[in-house]
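In: Okay, sequence plus prediction incoming.
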Amino acid sequence: MKLIEITEELKSMLLFAGSGMAMGGVSSLVGTAVLALPVGIAALLGLKKGAEKLFLKESSWIMANGLMPYLTFWYMIWVLAINA
């Protein structure tokens, strides 16, 4: 049985998905969407800068492999935490 190949794309997606989950929980503590959205976007921009240095890739590659997992998990966790 062949194991899953760990590529840079997969590492980037896992990094951004995990960060999105963490920020969803933190944003739910902030409260309203008016405050949570800027907090989430600020964290995304900081994460992008760190990922550029970590993976030694340009920002378009980083955002192509990380933007949607981050936003999806951030929003999902935030909605679940606010409504729980």
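Out: The structure has been received and is ready for your questions. Numbering: from 1, shown residues only.

In: CA only for contacts and neighbour counts going forward, please
Out: Will do.

In: need the contact list for the residue positioned nearest the centre of the chain.
Out: Nearest residue to the geometric centre of the chain (Cα atoms, centre = their mean): Tyr70, 2.8 Å. Tyr70 is in contact with 16-21, 44, counting by Cα atoms under 8 Å, 6 or more residues apart in numbering.

In: With distance to Ile6 added, can I get these in CSV?
Out: Output for the contacts of Tyr70, formatted as CSV (distance: Cα to Cα, whole Å):
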residue, distance to Ile6
Phe16, 15
Ala17, 15
Gly18, 16
Ser19, 18
Gly20, 20
Met21, 21
Leu44, 23
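
In: Which of those residues fall in helices?
Out: Among the contacts of Tyr70, DSSP state H puts 16-21, 44 in helices.

In: Tell me how many other residues surround Met68.
Out: Met68 has 15 neighbouring residues, counting by other Cα atoms under 10 Å.

In: How about Ile4?
Out: Per other Cα under 10 Å, the neighbour tally for Ile4 reads 7.

In: Output the below-cut-off pLDDT ranges for the protein.
Out: Scanning the chain for pLDDT under 70 picks out the ranges 1.

In: For it, just list every one of the helices.
Out: Going by DSSP H, the chain shows helices at 8-30, 33-55, 59-83.

In: now the ones you listed in a markdown table, with distance to Lys2?
Out: Below are the helices of the chain laid out as a markdown table (distance: least, Cα to Cα, whole Å):
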| stretch | distance to Lys2 |
| --- | --- |
| helix 8-30 | 16 |
| helix 33-55 | 25 |
| helix 59-83 | 24 |
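
In: which of these is buried the deepest?
Out: With neighbours taken as mean count of other Cα atoms under 10 Å, these reach their highest mean count in helix 8-30, at a mean of 19.

In: Give me the contacts around it.
Out: Residues outside helix 8-30 that contact it (Cα under 8 Å, 6+ apart): 36-37, 39-40, 43, 47, 51, 55, 62, 65-67, 69-79, 81-82.

In: Same check on stretch 57-65?
Out: So stretch 57-65 is contacted by 9, 12-13, 48-49, 51-52 (Cα under 8 Å, 6+ apart).

In: Brilliant, that's me finished.
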